[in-house]
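[1] compute the structure for the input listed below.
(2 chains)
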Amino acid sequence: MAAVSLVRCERGFARDAAPDWMRQELRTGTTIMAVEFDGGVVIGADSRTTTGAYIANRVTDKLTPIHERIFCCRSGSAADTQAISDAVTYQLGFHSIELDEPPLVQTAANLFREMCYRYREELMAGIIVAGWDKRRGGQVYTVPVGGMLTRQPVSVGGSGSSYIYGYVDSNYRAHMSKEECLQFTAQALSLAMERDGSSGGVVRLAVISEHGVERRVVAGNQLPSFSAI
Amino acid sequence: MSSIGTGYDLSASTFSPDGRVFQVEYAMKAVENSSTAIGIRCKDGVVFGVEKLVLSKLYEEGSNKRIFNIDRHVGMAVAGLLADARSLSEVAREEASNFRSNYGHDIPLKHLADRVAMYVHAYTLYSAVRPFGCSFILGSYDDDDGPQLYMVDPSGISYMKEMTCRELVKEVAKIIYIVHDEVKDKTFELELSWVGEVTKGRHELVPKDIKEEAEKYAKESLEEEDDSDEDNM
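    Sure, this is the predicted structure:
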């Protein structure tokens, strides 16, 4: 198995001369989320990428396709998660051609886990793998920092996730429809973006099912607002 | 008897003028001369049966197994040179194990058959090694893909190939008994294994009591057939 070796480079400029944001690593502060429903999955993310306090990209797409019906939601270091996604995309594509059939979501999740666990000391990546395959339908697998792998019906991640555990725990119901899942995800992400400084921008959503991938964007002014204060 | 190579048959890296690789064909002879191995697929599983010729009365029952376990859900029955077959079973086991280690789930049978077939094929390309003198049948069962059966021969081709498993066990035993040539070979031991819904997807040797029942059925059918032969013209 080809292994991708990821090495951190030290920045070369004089510490005093460069402004604060140039000395910080590029991170996807983030709130990401994925929910299973009967027939597929709904995934969602915010769109803010920060270098320190500066928002380097306010319209980031953190929902990255790994294969036709398998996506990953990225949180943590932007560079690390992009590099890992590229590597897994290659490996999964190769595997799928060898097998001559679409890959399983479980396989993709395992490839992420292998990499995240093996290089756990050098990486900072929290990834949610979600998609649809013929064998087990819609599935969500979470691979947090450290490289654990577990399947969950609903999963949240990123710095903003801490603020919405309560909301998710109290509002999630099994057997929700696709539209209910979309509502649920958009609301949860909005709440997190409201409170977490590292999350914001627009809400990007995607529905993955047997029929393909349907992407949506909810702009800032269309987000539900909750607080009266 | 097929034509003799006369000079073009000394190594696997030589073609004959009519486009044959004789070493591979000779390897297949080793399989033809060996005793029978059967694999049959039914709607809820796969059953293997092997006619194991007993070369010496000193051998214990159950020795020189010709059915191997490759991973929990895959079984392999072999015909040909047993030593070659043993080495290939290790190759198959490693492939299955590496797949699981990399991708986190059971190896699909087609993929395993392809990988082992590629390995077998590699040994037909060079003069420094000889081709494997065995063919084998791989079988598996799982809930999603159902029962599957593949065969690989010394040239490295793999081919893909209905009763319930329980009934099939008796039929396989019967076939082995029928096929066994009383004149040519003396005693033999029947080895039976199965993988299917009945074993929850695990490849296992058929339990002793069921095997005995199957052998009894096979012996009785043979006697019936002998009787009916007299009546036919």
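[2] my read is that A:Asp80 contacts A:Glu121, right?
    No: with contact defined as CB atoms under 8 Å, A:Asp80 does not count as touching A:Glu121 (12.0 Å). Bear in mind the C-beta positions are built from the backbone N, C-alpha and C, glycine included.
[3] tell me which of these two has more neighbours.
    A:Asp80 (26 against 5; other CB atoms under 10 Å in any protein chain shown).
[4] up against chain B, what does chain A have?
    Chain A comes close to chain B at residues A:1, A:95, A:98-99, A:104, A:106-107, A:109-111, A:113-114, A:135, A:149, as judged by CB under 8 Å from any CB of the partner chain.
[5] ok, and for the helix or strand containing B:Gly39, which residues are buried?
    For B:Gly39, the element it lies in under DSSP states H and E is strand B:37-42. Neighbour-count burial for strand B:37-42 flags B:37-42 (criterion: 16 or more other CB atoms under 10 Å in any protein chain shown).
[6] try stretch A:222-229
    By neighbour count on 16+ other CB under 10 Å, the buried set for stretch A:222-229 is A:Leu223.
[7] can you list contacts of it?
    A:186-187, A:190-191, A:193-194, A:203 (CB atoms under 8 Å, 6 or more residues apart in numbering or on different chains).
[8] now do the helices in the chain.
    Here I'm looking at chain A. A:78-99, A:105-118, A:165-171, A:178-195 (DSSP state H).
[9] could you do chain B instead?
    B:22-32, B:82-103, B:109-122, B:165-179, B:208-231.
[10] any chance of a markdown table for the helices of chain A, columns mean pLDDT and distance to B:Gly196?
    Listed next are the helices of chain A as a markdown table, based on pLDDT from 0 to 100; distance: least, CB to CB, whole Å:
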| stretch | mean pLDDT | distance to B:Gly196 |
| --- | --- | --- |
| helix A:78-99 | 96 | 23 |
| helix A:105-118 | 97 | 23 |
| helix A:165-171 | 96 | 42 |
| helix A:178-195 | 95 | 37 |
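[11] deepest-packed of those helices, please.
    helix A:105-118 (a mean of 23; mean count of other CB atoms under 10 Å in any protein chain shown).
[12] can you tell me which residues in chain B are near chain A?
    Contact residues (CB under 8 Å from any CB) of chain B with chain A: B:102-105, B:108, B:110-111, B:144.
[13] which one of those residues has the most neighbours?
    When neighbours are counted by other CB under 10 Å, B:Tyr103 leads the residues of chain B next to chain A with 23 neighbours.
[14] identify the residues contacting that residue.
    Contacts for B:Tyr103 (CB under 8 Å, 6+ apart) come out as A:95, A:107, A:110-111.
[15] now the two most distant members of those.
    Pairwise distances across the contacts of B:Tyr103 peak at 10.5 Å for A:His95 and A:Asn110 (criterion: CB to CB).
[16] show me the contacts for residue 126.
    Using chain A. Neighbouring residues of A:Gly126 by CB under 8 Å, 6+ apart: A:32, A:75-76, A:143-145, A:157-158.
[17] look at chain B instead
    B:12-13.
[18] list phi and psi for it.
    Taking degrees, to the nearest 10, you get phi -120, psi 150 for the backbone angles of B:Tyr126.
[19] please report how far it lies from chain A.
    B:Tyr126 sits 24 Å away from chain A, taking CB to the nearest CB, to the nearest Å as the criterion.
[20] pLDDT score for that residue?
    As predicted, B:Tyr126 sits at a pLDDT of 88.
[21] just the closest residue of chain A to chain B, please.
    When scored by CB to the nearest CB, chain A has A:Asn110 as its residue closest to chain B, at 3.1 Å.
[22] excluding its backbone neighbours, what's nearest that residue?
    B:Gly104 (3.1 Å; CB to CB, 6 or more residues apart in numbering or on different chains).
[23] do B:Ser155 as well
    In space, and not counting its chain neighbours, B:Ser155 is closest to B:Val24: 5.0 Å by CB to CB, 6+ apart.
[24] what's near enough to touch the one you found?
    Taking CB under 8 Å, 6+ apart, we find B:Val24 in contact with B:12, B:124, B:131, B:154-155.
[25] give the contact list for the residue of chain B found nearest chain A.
    Nearest residue of chain B to chain A (CB to the nearest CB) works out as B:Gly104 at 3.1 Å. Contacts for B:Gly104 (CB under 8 Å, 6+ apart) come out as A:106-107, A:109-110, A:113, A:149.
[26] at 10 Å instead, please
    A:104, A:106-111, A:113-114, A:141, A:149 (CB atoms under 10 Å, 6 or more residues apart in numbering or on different chains).
[27] check those residues and tell me the two furthest apart.
    Longest span within the contacts of B:Gly104, CB to CB: A:Leu104 and A:Glu114, 14.7 Å.
[28] my guess is B:Lys29 meets B:Asp153, correct?
    No: counting by CB atoms under 10 Å, B:Lys29 stays clear of B:Asp153, with 11.6 Å between them.
[29] shared neighbours, these two?
    With CB under 10 Å, 6+ apart as the test, B:Lys29 and B:Asp153 both reach B:Gly80.
[30] ok, the two, which is more surrounded?
    Taking other CB under 10 Å, B:Lys29 and B:Asp153 do not tie; B:Asp153 has more neighbours (21 against 14).
[31] quick one: contacts for A:Ala186?
    A:33, A:42, A:44, A:203, A:205, A:216, A:218, A:222-224.
[32] could you list the low-pLDDT ranges of chain A?
    Applying pLDDT under 70 to chain A flags the ranges A:1-17, A:21-23, A:27-28, A:229.
[33] all strands for it, in order.
    Along chain A, counting by DSSP state E, strands occupy A:26-28, A:32-37, A:40-45, A:49-51, A:54-57, A:63-67, A:70-77, A:125-133, A:137-143, A:150-151, A:154-157, A:203-209, A:212-218.
[34] how about those, which one is nearest B:Thr6?
    Checking the strands of chain A against B:Thr6 by CB to CB gives strand A:63-67 as the closest, at 54.1 Å.
[35] give the buried residues for the closest one.
    Buried residues in strand A:63-67 (16+ other CB under 10 Å): A:63-67.
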